[in-house]
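Undergrad: Please find the sequence and the predicted model below.
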Number of protein chains: 2
Amino acid sequence: MFAPGTYAGRREALRREIKSGIAVFPGNTEAAFNYPANTYHFRQDSTFSYFFGLNQPDLAGIIDFDSGAELLFGNDVDMDDIIWMGPQPSMADRGKLVGIDRTAPLQGFGDYIAEALNKGRKVHFLPPYRGETRIQLWTLLGIPVAEQKAAASVELIKAVVKLRSIKSAEEIAEIEKMVDVAYLMHTTAMKMAHPGIVEQEIAGTIEGIALANAGPVSFPVILSVNGQTLHNHYHGNTLSEGRMMVVDAGCESEESLYSSDITRTVPVGGKFNERQRGIYEIVLNANLKAIAAIKPGIPYREVHLLAAKTIADGLKALGLMKGDTQAAVEAGAHALFFPHGLGHMMGMDVHDMENLGENYVGYDEEITRASQFGTAFLRLGRRLQPGFVLTVEPGIYFIPALIDQWKAEGKFTEFINYEKVETYKDFGGIRIEDDVLVTETGNRVLGRPIPKTVAEIEAIMKK
Amino acid sequence: MFAPGTYAGRREALRREIKSGIAVFPGNTEAAFNYPANTYHFRQDSTFSYFFGLNQPDLAGIIDFDSGAELLFGNDVDMDDIIWMGPQPSMADRGKLVGIDRTAPLQGFGDYIAEALNKGRKVHFLPPYRGETRIQLWTLLGIPVAEQKAAASVELIKAVVKLRSIKSAEEIAEIEKMVDVAYLMHTTAMKMAHPGIVEQEIAGTIEGIALANAGPVSFPVILSVNGQTLHNHYHGNTLSEGRMMVVDAGCESEESLYSSDITRTVPVGGKFNERQRGIYEIVLNANLKAIAAIKPGIPYREVHLLAAKTIADGLKALGLMKGDTQAAVEAGAHALFFPHGLGHMMGMDVHDMENLGENYVGYDEEITRASQFGTAFLRLGRRLQPGFVLTVEPGIYFIPALIDQWKAEGKFTEFINYEKVETYKDFGGIRIEDDVLVTETGNRVLGRPIPKTVAEIEAIMKK
Ligand SMILES: [Mn+2]
Ligand SMILES: [Mn+2]
């Protein structure tokens, strides 16, 4: 946890953004795994944690913009709780940790809301993403589940996005710690990636490294020799010579929730063959060129398109694409190979604030989301500002089902050499992802550098 | 997964138990971690998996007791799904895997229910335990969340408990595989338990072993030098000489969901001191005597009380208790040291079927739950039957807050030597837990034996 002043300062900043009404922040409850008392690893709501810092279930906060009151709700423990969970600080003591002196039992949360509703005051809330929170909002606000998303406060969403988008030095330090743990995860995976091992052994081991050194993984580990499947959570394949292993994995701090999100792709066995190296160097080039372009003021969509152009140029040199690569990218032909966005905001959420709505986080009045296949999936398009932390994650994939579909439709035959592409259908995919801070003058790749060039990867895998 | 016939046989057995109406089995949905698209490790509902075998989200099943129809609902994937998740079997193919030929899109689940309700037919459902399922039942059945538990079908609960309580040879084999992975988890923890290491390092490492070799942990790892806190999920203490480390941990099969649940307690550094050995031998004796008593027909509450008596006798020999130990156990004085139950059913849930209601699983018309502090927490009290799998987990704890309370109240001064107990307030706690199958003639401790005697533990920790 940060100092009490950090949380007080964030709440004060929010009070400057919104003029009237109250904002309600239900913390997360425990999430049942297979029965009520057997729960998943507790995960606090990020926005609750941002303003109220405490990572225990069954808490709630209110900020009253008219009176300036800041309240924290939760129940003190009894003897049964002590036997099962050990001694716990009182709610009053918890409040002190985050600079709040008005604490009350959880019942008071509903009471305060009821009184506000009674007086016709505006009650701001954020879109819920868990069934338990939806039921809670239905009960406390009387808004049916199906109507909650539309009833969420756009004013509150925009204010929270404004604050959380700019990371402070102490937040950046937390993210860097998590990249350093990702270093351990990824270099361990590289060293294990030899023929005969099953993906699950590596995936489980690196998730254990996250848990042992930081906290849970920031998202389910993607680890596969079928990298062409973008979010592959199947870990049943046995590694074999000639395949590439994509590992997209990061962790989050148990205490602060800040996360990392790194992807590396390595050849099973540790030595790139010529075909692998050819594609790999294109993706690496796209990653490096994109990073070099990151600076305040540049729209991230422009960086995305720069990466797409780099990929198209590289694929043309290999004979997989053809024609005018600028025109190809404008038309969206590159998306056969690079069908996703270049990156996204990062922070307490690995896709930061995605629960508030991607377009509020990644777009604005000036730059709105594209509709073209590929670029439409870009989560962050707007101009960059100092203090943004984002990912840079270009990739090239050979997705047999997509290739077959486009080929059958005769799509972009002026830009794509389908005959050659056919010979790559067994290739898999490659993605290279780093976490990058936008600085006043440019950018900084966060954390301990993780082997990325062909030489660096072959060197660490040889050991 | 088992053969299609296994699931067909289970459904047929259920159809023999219930005469009319339909039973609805909503499979679990993904559970959001911090935003809708970032989810926890998917966990299927155990009862859905028992009857329908498939471990993907957004499936549902119906068994129609009047017509005998068995239906499986779920949507086939589209091209976007293939890009992100890879090729998936069709619903028709999924149905074949579990012996069902009537499959339909998920929408059909609600339609079938609506038609049954329209005709005034009985719709049996089990108590929900996730917000998402509660909202689904509210939408499909029109039963408000607060009324769902009471509206659940007792007839269906009892039928499911009857079937799931008796484990087949193939289910027992799955549980044994999970105990074998628990062997790796526990022996690794023992080897790591040296002064200076932080609990989290060990806890994360053994969770990684579960993930690498089986699947997720079957419940959040309990690992603490403060074993007196029964469900301690705080892992921030540094191990130091003189403390004991309690590890209560198991895993479950990614595929079949069957679980293990093992506790071992070891002295930090690997050598028991005299005080530790004294308490340890009592708990071990209680564990062994209880196991020896397990056989068909014996009420498990009797075994629990045998363990309690063994503990009271041992503590009396050490001077911590006094007087007539039989009378002490009848009065509940032992519960100062052993405040929980001896064990619980195990299977696809580590507390098997706890979501259906503990009293339906662990008690019956003959043996109902006790109200006395300690024994009231016993989850399984009824007579044992061949095919039951259960845990045996006696413990002795020195819980300072509880000792202070009982002493202040002058509770059981005829049985408890508080003066001596005071000198143990820094001890912590010890628990020893095994997974045991009730056989036709007695019992069998499942899986590869995990070091348990003082000599075995000291030997493995020396390596
Ligand atoms: Mn990413
Ligand atoms: Mn247990």
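TA: Right, received. Where do you want to start? Residues are numbered from 1 along each chain as shown, chains lettered A, B, ... in the order given. Ligands and ions are numbered 1, 2, ... in the order given.

Undergrad: Close to ligand 1: what parts of the stretch 201-350 of chain A are there?
TA: residue A:261 (Cβ under 5 Å from the ion). Every C-beta, even on glycine, is put in place using the N, C-alpha and C of the backbone.

Undergrad: what about the helices in the stretch 201-350 of chain A?
TA: Per DSSP state H, counting those that start in this stretch, the stretch 201-350 of chain A carries helices over the ranges A:274-293, A:300-317, A:325-331.

Undergrad: which of those helices sits most buried?
TA: helix A:300-317 (a mean of 23; mean count of other Cβ atoms under 10 Å in any protein chain shown).

Undergrad: helix, strand or coil for the residue nearest to residue A:283 when sequence neighbours are not counted?
TA: Distances taken as Cβ to Cβ, 6 or more residues apart in numbering or on different chains place residue A:430 nearest to residue A:283, at 4.9 Å, with adjacent residues excluded. What DSSP: H, G, I helix; E, B strand; the rest coil gives for residue A:430 is strand.

Undergrad: How about residue A:183?
TA: Assignment for residue A:183 (three-state DSSP): helix.

Undergrad: can you tell me the residue of the stretch 151-300 of chain A closest to chain B?
TA: residue A:208 (1.4 Å; Cβ to the nearest Cβ).

Undergrad: The closest residue to residue A:223 other than its chain neighbours: what's it in contact with?
TA: Among residues not flanking residue A:223 along the chain, residue A:203 sits closest, at 4.3 Å (Cβ to Cβ, 6+ apart). Applying Cβ atoms under 8 Å, 6 or more residues apart in numbering or on different chains to residue A:203 gives the contacts A:221, A:223, A:235, A:249, B:211, B:212.

Undergrad: mind redoing it with 7 Å?
TA: Listed by Cβ atoms under 7 Å, 6 or more residues apart in numbering or on different chains, the contact set of residue A:203 reads A:221, A:223, A:235.

Undergrad: how close does it sit to residue A:249?
TA: 8 Å (Cβ to Cβ, to the nearest Å).

Undergrad: Need the overlap of contacts for the two.
TA: Common neighbours of residue A:203 and residue A:249 (Cβ under 7 Å, 6+ apart) are A:221, A:223.

Undergrad: circling back to that earlier point, next, format the contacts of residue A:203 as CSV and append neighbour count.
TA: Output for the contacts of residue A:203, formatted as CSV (neighbours: other Cβ atoms under 10 Å in any protein chain shown):
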residue, neighbour count
A:221, 27
A:223, 26
A:235, 20
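
Undergrad: Near the residue of the stretch 1-150 of chain A found nearest ligand 1, how many other residues are there?
TA: Distances between the stretch 1-150 of chain A and ligand 1 by Cβ to the ion are smallest at residue A:46, namely 16.3 Å. Number of residues near residue A:46 (other Cβ atoms under 10 Å in any protein chain shown) recorded here: 24.

Undergrad: Could you report the pLDDT at it?
TA: Turning to residue A:46, the model gives it a pLDDT of 98.

Undergrad: residues contacting it?
TA: Contacts of residue A:46 (Cβ under 7 Å, 6+ apart): A:257, A:348, A:349, B:34.

Undergrad: Keep only those of the residues you listed that are in strands.
TA: Using DSSP state E, residue B:34 are the members of the contacts of residue A:46 that sit in strands.
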